[in-house]
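Peer 1: coords please:
(2 chains)
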Amino acid sequence: MRALGIAALALLSLGRAPAFAQPMDTYGMGSRSVALAGAVTADVEDGTANYYNPAGVVRSEHLRIQLGWFGAVHDLYLNEYSSGVDPVHGVVLGLNVPGNIDGFRFAFGLGVHLNDQRVSRTRTLPRTRPRWELYDNRPHRTYLATHVAIEPIEWLRIGGGISFLSYSANQLRIRGTLDFLQPQRAQLEHELSGELITIRYPQVGIQVGPFEGLDFGITYRGEFALDNQLIAEVGNTDGDPLNAAIIEAIGFEIPAYFFLLSQSVNAYVPHQISFAASWQPIQELRVSAELTWLMWSQYVSPIGTSRVILDIDVPPELQHRVRVPDRIPDQHPIPANFQDRVVPRIGVEVTPYRTSQLAVQARAGYFYENSPVPEQQGYTNLVDTDRHTFSLGAGLDLLDLRPFLPGFLSLDVYLAYSWLPERTMIKASPIDPVGDYVAWGHIVTGGLSVEAGFE
Amino acid sequence: MRCPLLVLLTASILGCSAIGDPGGSADAYPHGGTGQFRVLSGAEVGTANGQLLPLRNVAFDAVMVVDGYLFYTAAALLEEPPEPPDEHPDGEVYWPAFEPRAIHRAEPREVLSYRSGVPILEAEETWEGSALFDPWVVVVDGRARLYYAGEGGIGVAEATSLDGTFARVGDGPVLENARRPSVIRGLDGAWWMYFDAGGHIGVARSEDGLAFEPLDADPSTEALDPIVIEGEDLGESPETSVGMPGALLVETPAGRQLVRLYYESRREDGSTHVYVAGSVDGLTFERHELSVMDQDDVRAPAPLIVDPRVTLLYVNVPAGSTYATRALRAAVTPAGVRFDAPGNDG
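Peer 2: The predicted structure follows:
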């Protein structure tokens, strides 16, 4: 076939892109909490309780509004080549609104993480394309969570709520004629429609303070997985000539039909349970530690299904020149075989200076994430390594701002460094199309926040 | 304004936000050098037709490239060449119309194309017969060692440098009944020579690169077995023979050594394709299930690693003349890599 002529063409595509998910699993939320390596589940009470433990929403008697900014820069490599993983930065908002009816304390909370580059990003990559599974695309999400918490007795707080996610369903229909030799003569109609569909997952938490200076906490976050589907169709099999795709070639009109389905799981977040303790032996020192169990073993592979149908009714006169495959094999999901991950975290906060008007805090933290991704010996290349994260932070509490502010104002900053040590992937096949590789890198995150507490 | 400090801080935080980001892209992805190769265009190699070597009234055969120099087999058309007989196979150079067939060396003209070369070694020894062909050059401590084929087997010549004068080493062939030597160094520290053994690919080993001992790839049989090529073959026509190997010793980023072998796969329907196979031990190979190039008549692959992820493959393809001469083309994997000839903005 030397040329394609005028083709009647109808294209339908359906793309579903997640609009809300949570980057906090990777980077944490809020300056104080991240500086403590996220080991705050036992005693968190600021706006970040809306992520770390909804029970903490009711811990403080102040109405608290927190606004912060955070940024993460990835310096990730495969062999000596940068993987070009995009930075992530955005605004963090936390709001805790306490109430009290006849001594029964309760509170409402709202947590938001809003990326300022893009609300959401979806990628469908070639099946063998190496990808930093936990950093390349997952953080490009927006997070929204609402919670309610109660304090039935003085030493017990219970909170729960819903994190809102949404994905978009987009439909694009193109219909008309397209002359491949003279594209300026194309006559095409385009229709595009899209809608955001909300999905939700639960988050619950408990804080227990049985003794002065000693707190325990537990948090559960639900699982979610978003389906990413793309359908493209050229021509139609309904028998309507107006919907048929016609290829004109060297005097022949050839009916044709093309169908593509690509389906994969996107933005998976596993079930998570955190167990935490916080100990404040003296007023100036707080030590916290926790373990988070992430059930990555439930992960459905991001390497999805694809199906292609190509049906071209080649006239006998052209069959010696045009070869159309009888069948294009379907591609099926490849199990990810991830392993569960247990993440230890420790944080230390000291208050070297404190008066009735001012308090200064210094913070440090560390957490270790073992990679849930198995050795990539075969077809897939889901890249990940272990991760050691060291964090430092500082806080300044302005405790008496009357008459300007009937409450307090907290200013916090942090800086965290993640070291991703080298991980070598050795392929089982000596002719693997990607071959052996070494993955490694660094991640630097930083942020600042301001929180106002109103009496 | 009751709380100017709070307002100022809030504005500062929001001001840190930036709107929009086109997104980054990777400098490069790892690549095993085993996928589909894309034939370089004329614009990439700096010639009108994409051929790397200008040949007029010259027949040409297998090549190899080392440190910028192209070594190849060629012979000039006789003043009164005989006509090919009717039964002469399609695509096969009709060598009786060309002589003398000798080893040539060409220098680069552009980045990827070459000036017409000069003969550096012609048949002289009795065992060589009337033609030399299939050059393969290895540089050792600055000296160039040329492995070549004559009618009686594989011989060796050396020069003080790649552009020096080659002189034969020894009185006879280092390996008999073989052609297309392809020599690598490094696997177990020895010299390994893969060669065309007439329908299959043999391998021989040497401690000094001069005295070669054929290896038996399958000791379970009494015969001296060629290399074993395993794996699924999705070619449309059944494979009838293999040959003309081009070998590479590759050290992967993980630090292990692999032998990667490109070779001709001749098919029952008369087509000749280039396949690639890989091996950990140099004896048993796993083949890629598809040919690395789509063309039906591609021969004598000679691989060259450009960088750890880019591999060039020099092949000869039909040139379409009365005597079925061949032309030199180059292909690259990953197929998305593009070369730009000097002065070519595209």
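Peer 1: Make sure B:His200 is actually in contact with B:Gly243.
Peer 2: Yes: applying C-beta atoms under 8 Å, one finds B:His200 in contact with B:Gly243, separated by 7.1 Å. Where C-beta positions appear, they are placed from N, C-alpha and C, glycine not excepted.
Peer 1: Neighbour count: the two, which is higher?
Peer 2: For B:His200 and B:Gly243, the more surrounded residue by other C-beta atoms under 10 Å in any protein chain shown is B:Gly243, and the numbers stand at 22 against 16.
Peer 1: That one sits in which helix or strand?
Peer 2: Under the criterion DSSP states H and E, the helix or strand holding B:Gly243 is strand B:239-251.
Peer 1: Most distant residue from the centre of chain A?
Peer 2: The outermost residue of chain A, judged by C-alpha distance from the chain's mean C-alpha position using C-alpha atoms, centre = their mean, is A:Glu317 at 54.0 Å.
Peer 1: So A:Gly441 versus chain B, what's the distance?
Peer 2: When distances are taken as C-beta to the nearest C-beta, to the nearest Å, A:Gly441 and chain B turn out to be 12 Å apart.
Peer 1: before we move on, back to that, can you confirm the residue farthest from the centre of chain A is in a helix?
Peer 2: Yes: assessed by DSSP: H, G, I helix; E, B strand; the rest coil, A:Glu317 belongs to a helix.
Peer 1: nearest residue to A:Val38 other than its sequence neighbours?
Peer 2: Actually, residue A:38 is Gly. It isn't Val. Leaving aside its sequence neighbours, A:Gly38 sits nearest to A:Gly28 (C-beta to C-beta, 6 or more residues apart in numbering or on different chains; 4.8 Å).
Peer 1: For chain B, give me the ranges with low pLDDT.
Peer 2: B:1-25, B:341-346 (pLDDT under 70).
Peer 1: can you give me the helices in it?
Peer 2: Ranges of helices within chain B are B:4-16, B:42-45, based on DSSP state H.
Peer 1: Residue 276: neighbouring residues, count only.
Peer 2: Picked chain A for this. By other C-beta under 10 Å, neighbour count at A:Ala276 equals 27.
Peer 1: wait, I meant chain B there
Peer 2: Each residue near B:Val276 was counted by other C-beta under 10 Å, and the total is 28.
Peer 1: That one against B:His288, yeah?
Peer 2: Yes: in this structure B:Val276 lies within contact range of B:His288 using C-beta under 8 Å: 4.9 Å.
Peer 1: Quick one, grab the pLDDT at the residue nearest to A:Gly38.
Peer 2: In the prediction, the pLDDT value recorded for A:Gly28 is 94.
Peer 1: give me every residue that touches it.
Peer 2: By C-beta atoms under 8 Å, 6 or more residues apart in numbering or on different chains, the residues touching A:Gly28 are A:Val34, A:Ala37, A:Gly38, A:Ala416.
Peer 1: Could you rerun that using 10 Å?
Peer 2: A:Gly28 makes contacts with A:34-38, A:40, A:48, A:51-52, A:70, A:72, A:92, A:345, A:365, A:367, A:389, A:391, A:414, A:416, A:445, A:447, as judged by C-beta atoms under 10 Å, 6 or more residues apart in numbering or on different chains.
Peer 1: and what of B:Val174?
Peer 2: For B:Val174, the set of contacting residues under the criterion of C-beta under 10 Å, 6+ apart consists of B:147, B:153-156, B:181, B:193, B:204, B:206, B:209-212.
Peer 1: between the residues you listed, which has the most around it?
Peer 2: Result: B:Pro181 is most packed of the contacts of B:Val174 (other C-beta under 10 Å), 28 neighbours.
Peer 1: looking at it, that residue is touching B:Gly150, isn't it?
Peer 2: No: using C-beta atoms under 10 Å as the test, B:Pro181 is too far from B:Gly150 to be in contact (11.1 Å).
Peer 1: Overlap of the contact sets of those two?
Peer 2: With contacts taken as C-beta under 10 Å, 6+ apart, the residues that reach both B:Pro181 and B:Gly150 are B:Asp134.
Peer 1: mind checking how far the residue nearest the centre of chain A is from A:Phe390?
Peer 2: With distances taken as C-alpha atoms, centre = their mean, chain A has A:Arg138 as the residue nearest its mean C-alpha position (3.5 Å). Counting by C-beta to C-beta, to the nearest Å, the separation of A:Arg138 from A:Phe390 is 22 Å.
Peer 1: Please apply the same query to B:Ser265.
Peer 2: 55 Å.
Peer 1: Likewise for A:Ala225?
Peer 2: Separation of A:Ala225 from A:Phe390 (C-beta to C-beta): 31 Å.
Peer 1: the more surrounded of these two?
Peer 2: Neighbour count, other C-beta under 10 Å: between A:Ala225 and A:Phe390, A:Ala225 has more, with 17 against 14.
Peer 1: Touching, the more buried one and A:Val269? I think so.
Peer 2: Yes: the pair A:Ala225 / A:Val269 is scored as a contact, 7.7 Å apart, by C-beta under 10 Å.
Peer 1: which neighbours do these two share?
Peer 2: A:Tyr201, A:Tyr299.
Peer 1: and the residue lying closest to B:Glu107 once chain neighbours are set aside, how many residues sit next to it?
Peer 2: In this structure, B:Glu107 finds its nearest non-sequential neighbour in B:Arg115, 5.6 Å apart by C-beta to C-beta, 6+ apart. Using other C-beta under 10 Å, B:Arg115 has 13 neighbouring residues.
Peer 1: B:Arg115 contacts B:Pro108, doesn't it?
Peer 2: Yes: checked against C-beta under 10 Å, the pair B:Arg115 and B:Pro108 is within contact range at 7.6 Å.
Peer 1: Residues that sit against both of those two, list them.
Peer 2: Listed as contacting both B:Arg115 and B:Pro108 by C-beta under 10 Å, 6+ apart are B:Leu70.
Peer 1: joint contacts of B:Val276 and B:His288?
Peer 2: Common contacts of B:Val276 and B:His288 (C-beta under 10 Å, 6+ apart): A:Ile431, B:Gly32, B:Thr34, B:Gly35, B:Tyr262.
Peer 1: between those residues, which is nearest A:Phe259?
Peer 2: Proximity of the shared contacts of B:Val276 and B:His288 to A:Phe259 was ranked by C-beta to C-beta; the top entry is B:Gly35 with 26.1 Å.
Peer 1: Direction included, what does the strand holding B:Gly243 pair against?
Peer 2: Sheet pairing here is set by DSSP bridges, and for strand B:239-251 it gives strand B:257-267 (antiparallel).
Peer 1: Centre of the chain to the strand it pairs with, how far?
Peer 2: Between the centre of strand B:257-267 and the centre of its host chain there is 10 Å, according to C-alpha atoms, centre = their mean, to the nearest Å.
Peer 1: quick one: A:Ser288 and A:Tyr366 touch, right?
Peer 2: No: distance between A:Ser288 and A:Tyr366: 11.7 Å, which falls outside the contact criterion (C-beta under 10 Å).
Peer 1: neighbour-wise, which of the two wins?
Peer 2: Applying other C-beta under 10 Å to A:Ser288 and A:Tyr366 shows that A:Ser288 carries more neighbours, namely 26 against 17.
Peer 1: so what's that one up against?
Peer 2: A:36-44, A:215, A:217, A:276-280, A:345-349, A:365.
Peer 1: That one pairs with what?
Peer 2: With DSSP bridges as the criterion, A:Ser288 is bridged to A:Ser278, A:Gly347.
Peer 1: so what pLDDT did it get?
Peer 2: According to the per-residue confidence, A:Ser288 scores 98 in pLDDT.
Peer 1: gap between it and B:Thr240?
Peer 2: Separation of A:Ser288 from B:Thr240 (C-beta to C-beta): 72 Å.
Peer 1: give me the number of residues near residue 91?
Peer 2: Because you didn't say which chain, this covers chain A. Number of residues near A:Val91 (other C-beta under 10 Å) recorded here: 18.
Peer 1: actually chain B
Peer 2: Neighbouring residues of B:Gly91 were enumerated by other C-beta under 10 Å; the total is 16.
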